[in-house]
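J.: sequence plus the predicted model coming up.
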Amino acid sequence: MFELLGVPPQALFGQVLLGLINGSFYAILSLGLAVIFGLLNIINFAHGAQYMMGAFVAWMCLNYLGVNYWAALLLAPIVVGATGIVIERVFLARIAKYDHLYGLLLTFGLALIIQGLFRNYYGSSGLPYGIPPQLTGGHNLGFMFLPTYRGWVVVASLVICLATWFMIEKTKLGAYLRAATENPTLTQAFGINVPLLVTLTYGFGVALAAFAGVLAAPIYAVNPNMGADLIIVVFAVVVIGGMGSIMGAIVTGFSLGLIEGLTKVFYPEASSTVIFIIMVLVLLVKPAGLFGRTA
Amino acid sequence: MNLKTLLAATALGALMAAPALAQQISVKAGVLNDRSGIYADLSGEGSVIAARLAVEDFKAAEKGIKVEIVSADHQNKPDVGSTITRQWYDQDGVDLILDVPTSSVALAVSQITKDKNKILINSGAGTSDLTGKACSPNTVHWTYDTYALAQGTGGAMVKAGGDSWFFLTADYAFGHSLERDTSAVVTKAGGKVVGAVRTPFPGTDFSSFLLQAQASKAKVIGLANAGGDLTNSVKQASEFGITQGGQKLAGLLTFASDVHALGLQAAQGLVLTESFYWDRDDGTRAFSERFAKLNGGKKPTMVQAGVYSGLLHYLKAVEAAKSKDSAVVMAKMKEMPTDDPLFGKGSIRVNGRKMHSMYLYEVKKPSESKGPWDYYKQIAVLSGEEAFQPLAETGCPLVK
Amino acid sequence: MTDLASSDTPTAAAVAETDDSAARLHRNLFIAIAVLLVVAPFVAYPVFVMKVLCFALFALAFNLLLGYGGLLSFGHAAYFGMASYVSAYTAKNWGLTPELAILLGTAVAALLGLVFGALAIRRQGIYFAMITLALAQMAFFFSLQTPRFTGGEDGIQAVPRGKLLGMISLADDRALYWLVAAIFMGGLLLIYRIIHSPFGQVCKAIRDNEPRAISLGYRASQYKLAVFVLSAGLAGLAGATKAIVFQLASLTDVYWTMSGEVVLMTLVGGLGTVFGPIVGAAVIVAMQNYLAGLGSWVLVVQGVIFVACVLLFREGIVGVIAKWIKKPL
């Protein structure tokens, strides 16, 4: 049996697959960020906190209302998305005309508030959330044991990503959205309610984050910090893909998950830094990211 | 004499006795810990509650000792912790500091405490350096340290047949020292370490590392990590069927609050070492019940219990010494045996190490648990002498 | 980024009119600051004041880059943190006197700024911010992976304060305070001088309209790099001093949240104002210190202040005052 740099190929397959699964989370999260950035020109620092809210709402659904995972998968994005809409109306709309930096700082402040509140009520060490009974267990793929739930994560995130891409690139609503991104004043002049579109877009981006949160709840620790650790990485993904590029976010999300997975085998200590090295390299070669258009 | 008159008599006695003391001693204790970050649940406000209970149980007021408790959040940042410490000592007249989780902050606070000649009773931090090469005549390390955790989990697991180990180590000094200490114990007990992987800190997905651990065929997977890293790795180990596959998980730094956060479904079978568990005997149960009432139903962790026990012993020493001079009190603390319902009988060594038994626990299956917070079954007990580092090996300059 | 920091650039006519009175006002302000510095240790707790001064210098350095260079760095923790490691390490292990340790830390930070800056200034806006963040993450990774040098997450502890010039002991807080105050005042005067020099004027021109500055014959990228290095070096000066004050250097100083904190300080105080960052740093450090008793509500309070700042006074505290009195501060 041959080995690649001392790692048997079976193990390598397993690691690649796991990398893709982690990439699914990066993809959904960076997709939400990219959608928001595309239209609102805001870097949503609260994205991590909203992802965390998704997981917590799933927990609340189960423990307060007895609502199971599947319903939570639908319910949590709606609830968290609604809070996003409120945030957009109350805060973001007011600062839309100022520099990007203010949007980033405002959402950073919101993230602190959200995390702080959750920590006060639920503590810092987290809450238990089990895998839904339909998806427990796993399959032996020969080269590794794949838990059923992980398979579901990849499928669900691929479907969501492609559906979002399709909606933005191929439907009429998406066309309005792209038009409003390109030239809001002109789009408004054509009788399209741009402010409403902006609000809904933010709500949708936030809902995506919450969806990722629910997906994550059964396998990652559900605690108020869960998003804060992730947000910086997701930023890097969006930047590498090209800010605002939908396809860029999806493709980069999955591929960086993969690269990170491989790093975990060969140089595990660096696996959280490798993304930043790639980011610097990409930006030096392609200033607007892999899929971004240079302004 | 009926009960009422007895009470009245004691009260009167106490009133008379109080002014009879030469002078009233007033002590100010500062509880410095993480109140907003990852260690907030295992220390945090709970430690303040524990300190208040200690004052209450000591009946300080009747003994002519006035105790004031202040608290602050060091946010796990050494510079924030060190500013607060200096301010407490220089300006606010704080006499001793309690708790201080997070090794980097604890080492900084210990250093300042030595410079300012005050007292630190550390309960929250794990680094065995506090009583080793960075030991101080002004610091007592109360509840646990990495060495004792390694002895408990490492040594006892090998005895129980878990003789091959693979480590998942958080890639920072604390993780490394947990791994190093445990490896030493495992090898000494006749086991072997088949591999280790360093995981970036903090991490979210550990499945990749867990698969490497699984492939190693080691009987025990040692988790040299804490907080969110620990929760994530245990949760994912259960997802990947690692425990069902016959490998045992050993948490090298796991607290009751972590198990509470994981839930028994995910945490079952995890083996860990603690110096205190609320359900050990009547004494711990009685205390924990009082504590939980004040702490939103949450039972105390060993860190919080350590704050109680440490402050209680300090107050006894002040009473015995009739002074709060740091050197005098510290000498008394080390001279007097320690005794309280939570940790039983013990002592304090010259390097500041508090000696008591450590317990090896296994997390129950959901079916074995009788209710909320019924989490552990006891596997083994290590005496203080077995658990803690022999004095000669500590490298502490105070040991002659 | 042009509308970020235009409060200090009134029209040409207005400049001519207010220049004199502004200069007089600034001179008075400097005197006021000097007086405050002398009085402060007798009124407030010296260690706390020193912490404020270190962070104020850090924020001033950051503001030099953002407010006057128009470059938003999200990785200033790298210079602050690496300098604090260098100064702590050399003071402890090489036995350098504090002033040498601080100077060495500053030099290393400036050198690091030269390397990182040369890479980063090729890009603009948010991409510039992201590159600086990425490079800072690598500095963090380096610190984490070299525990022999940095002490891992325990940090470098028990750094001796030493003797200034080998003669004056700094063990006493008051003695150390005068050194820190002098460093702070020196840094502030230097930054003020840079901003109002021809070099600073060119930087502002590049910030406001880069193509025009280039067409006027200025090599924009050289100016940007120069201001980047200056800013990194001064941030390093702050970090190196802090290591001596607290006698420790730790990972907190290189972590990305530190980069965020300095943005916050500058914003609260007033972006692109000379004195804003000082006020901002004082407010944030005081908050961290005095809200420490609030426990987990600290985060919420900080978040609310953040949001309020962005919604209500984007110009920051000093920026708002400058608007009232219609003079640049």
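T.: Right, received. Where do you want to start? Predicted model, so just to flag it, every value in this text is computed and none were measured. Numbering: from 1, shown residues only, chains lettered A, B, ... in the order given.

J.: what's near enough to touch residue 95?
T.: With no chain named, the answer covers chain A. A:102, A:103, A:106, C:310, C:311, C:314 (CB atoms under 8 Å, 6 or more residues apart in numbering or on different chains). In short, each C-beta sits where N, CA and C put it, glycine included.

J.: to clarify, I was referring to chain B.
T.: Residues counted as contacts of residue B:95 (CB under 8 Å, 6+ apart) are B:27, B:28, B:29, B:118, B:119, B:324, B:326.

J.: who wins on neighbours among those residues?
T.: residue B:29 (27 neighbours; other CB atoms under 10 Å in any protein chain shown).

J.: ok, residue B:266 - contacts?
T.: A:128, A:130, B:234, B:235, B:238.

J.: all helices of the chain, in order?
T.: No chain specified, so I'll use chain A. Ranges of helices within chain A are A:9-40, A:47-60, A:69-90, A:100-122, A:148-170, A:172-182, A:184-189, A:194-216, A:228-241, A:246-266, A:274-285, based on DSSP state H.

J.: chain C is the one I meant
T.: Taking DSSP H to define them, one finds helices in chain C at C:12-43, C:46-63, C:77-93, C:98-120, C:125-145, C:147-150, C:173-196, C:198-208, C:210-215, C:220-246, C:256-269, C:276-290, C:297-312, C:316-325.

J.: using PDB, write out every CA atom in the third one.
T.: In PDB, the C-alpha atoms belonging to helix C:77-93 read as follows (Å, rounded to 0.1, in the frame of the first residue of the first chain):
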ATOM      1  CA  ALA C  77      -2.100  44.500  17.500                       C
ATOM      2  CA  ALA C  78       0.900  42.900  15.700                       C
ATOM      3  CA  TYR C  79       3.100  45.900  16.200                       C
ATOM      4  CA  PHE C  80       1.900  46.600  19.700                       C
ATOM      5  CA  GLY C  81       2.200  43.000  20.700                       C
ATOM      6  CA  MET C  82       5.500  42.100  19.100                       C
ATOM      7  CA  ALA C  83       7.100  45.200  20.500                       C
ATOM      8  CA  SER C  84       5.900  44.300  24.000                       C
ATOM      9  CA  TYR C  85       7.300  40.800  23.600                       C
ATOM     10  CA  VAL C  86      10.700  42.100  22.400                       C
ATOM     11  CA  SER C  87      11.000  44.600  25.200                       C
ATOM     12  CA  ALA C  88       9.800  42.200  27.900                       C
ATOM     13  CA  TYR C  89      12.200  39.500  26.600                       C
ATOM     14  CA  THR C  90      15.200  41.700  26.300                       C
ATOM     15  CA  ALA C  91      14.600  43.300  29.700                       C
ATOM     16  CA  LYS C  92      14.200  40.000  31.400                       C
ATOM     17  CA  ASN C  93      16.600  37.700  29.600                       C
END
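
J.: that helix versus helix C:220-246: what angle between them?
T.: Angle between the axes of helix C:77-93 and helix C:220-246 is 40 degrees (criterion: axes from the mean of the first three to the mean of the last three CA atoms, to 10 degrees).

J.: how far does helix C:77-93 sit from its chain's centre?
T.: Counting by CA atoms, centre = their mean, to the nearest Å, helix C:77-93 is centred 16 Å from the centre of its parent chain.

J.: do the second one as well
T.: Its chain's C-alpha centre and that of helix C:46-63 lie 7 Å apart, by CA atoms, centre = their mean.

J.: follow-up on the earlier one: just give me the least confident of the contacts of residue B:95.
T.: When the contacts of residue B:95 are compared by pLDDT, residue B:324 scores lowest at 90.

J.: quick one on the thing from earlier: a markdown table for the contacts of residue B:266, including neighbour count, distance to residue B:265 and pLDDT?
T.: Listed next are the contacts of residue B:266 as a markdown table, based on neighbours: other CB atoms under 10 Å in any protein chain shown; distance: CB to CB, whole Å; pLDDT from 0 to 100:
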| residue | neighbour count | distance to residue B:265 | pLDDT |
| --- | --- | --- | --- |
| A:128 | 22 | 7 | 88 |
| A:130 | 16 | 5 | 87 |
| B:234 | 30 | 11 | 93 |
| B:235 | 27 | 10 | 91 |
| B:238 | 25 | 7 | 89 |
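
J.: which one of those residues is nearest chain C?
T.: Checking these against chain C by CB to the nearest CB gives residue A:128 as the nearest, at 20.9 Å.

J.: picking that back up, deepest in the core, which of the helices of chain C is it.
T.: Among those, helix C:77-93 has the highest mean neighbour count (mean count of other CB atoms under 10 Å in any protein chain shown), at a mean of 28.

J.: does that one reach chain B?
T.: No - using CB under 8 Å from any CB of the partner chain, no contact is recorded between helix C:77-93 and chain B, whose separation bottoms out at 9.5 Å.

J.: for the contacts of residue B:266, which two are the farthest from each other?
T.: Greatest spacing in those, by CB to CB: A:130 and B:234 (13.1 Å).

J.: thinking again about what came up before, I'd like the helices of chain A as CSV, with mean neighbour count and mean pLDDT appended.
T.: Output for those, formatted as CSV (neighbours: other CB atoms under 10 Å in any protein chain shown; pLDDT from 0 to 100):
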stretch, mean neighbour count, mean pLDDT
helix A:9-40, 24, 87
helix A:47-60, 28, 95
helix A:69-90, 19, 95
helix A:100-122, 22, 88
helix A:148-170, 17, 92
helix A:172-182, 16, 87
helix A:184-189, 14, 87
helix A:194-216, 24, 94
helix A:228-241, 25, 86
helix A:246-266, 23, 90
helix A:274-285, 19, 87
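
J.: save those helices as TSV, and put in distance to residue B:222 too.
T.: Shown next, in TSV, are the helices of chain A (distance: least, CB to CB, whole Å):
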stretch	distance to residue B:222
helix A:9-40	20
helix A:47-60	28
helix A:69-90	32
helix A:100-122	29
helix A:148-170	24
helix A:172-182	51
helix A:184-189	57
helix A:194-216	26
helix A:228-241	23
helix A:246-266	18
helix A:274-285	26
